[in-house]
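Peer 1: Let's see this in three dimensions:
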Amino acid sequence: MNDFMQDKIWQILYEKAKSVINERKISPLMEVGSVGAAILTDKGNIYTGICIDTACGMGMCAERNAIANMLTNGENKIIKVAAVMPDGSSGTPCGVCREFMMQLGEGSEDIEILLSLEPLKTIRLKEQLPDWWGKNHE
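Peer 2: The predicted structure is shown next:
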């Protein structure tokens, strides 16, 4: 894939993630939608999700929400991940999301994560979990 197409895919993922941001308070104990995420699967589908923040820590990051959407739709192989913060910047997945993605199985270490859209900068999941504990379980 040429550089132009790579840039275009990242732009699409960024815009999809940004489009689901809709920060709102659901109850005194729950706020949702301050972060949006979009994932691209090996079948070319894009799934989105929003963060769900709760007072007791049972919430869900936007990345895991998007992954749950993907799994619900019968897919399980992620190629690219983009998360957009409330200020419009790109963010990297937290440790729980990194672990969750890695446990999706073979090839997960090569998931590409958006660090910055302008200038375009990405990182592979294996670079964020270089000595992953579960690699001997595959």
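
Peer 1: State which strand of the chain is the longest.
Peer 2: The longest strand of the chain (DSSP state E) is strand 30-41.

Peer 1: Now Leu13: which helix or strand?
Peer 2: Assessed by DSSP states H and E, Leu13 sits inside helix 3-19.

Peer 1: which helices and strands does that helix pack with?
Peer 2: Judged by 3 or more CB pairs under 8 Å, 6 or more residues apart in numbering; DSSP states H and E, helix 3-19 is in contact with strand 30-41, strand 46-54, strand 78-84, strand 112-116. The C-beta positions use only the backbone N, C-alpha and C, and glycine is treated the same way.

Peer 1: With mean neighbour count, distance to Glu15 and mean pLDDT as extra columns, can I get the ones you listed in JSON lines?
Peer 2: What follows is the helices and strands packed on helix 3-19, written out as JSON lines (neighbours: other CB atoms under 10 Å; distance: least, CB to CB, whole Å; pLDDT from 0 to 100):
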{"stretch": "strand 30-41", "mean neighbour count": "22", "distance to Glu15": "8", "mean pLDDT": "98"}
{"stretch": "strand 46-54", "mean neighbour count": "20", "distance to Glu15": "10", "mean pLDDT": "97"}
{"stretch": "strand 78-84", "mean neighbour count": "24", "distance to Glu15": "9", "mean pLDDT": "98"}
{"stretch": "strand 112-116", "mean neighbour count": "18", "distance to Glu15": "12", "mean pLDDT": "97"}
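
Peer 1: Rebuild those as TSV, extending it with distance to Trp10.
Peer 2: Formatted as TSV, the helices and strands packed on helix 3-19 follow (distance: least, CB to CB, whole Å):
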stretch	distance to Trp10
strand 30-41	9
strand 46-54	12
strand 78-84	7
strand 112-116	6
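
Peer 1: And these: which comes nearest Thr92?
Peer 2: When the helices and strands packed on helix 3-19 are compared by CB to CB, strand 112-116 sits nearest Thr92, at 5.9 Å.
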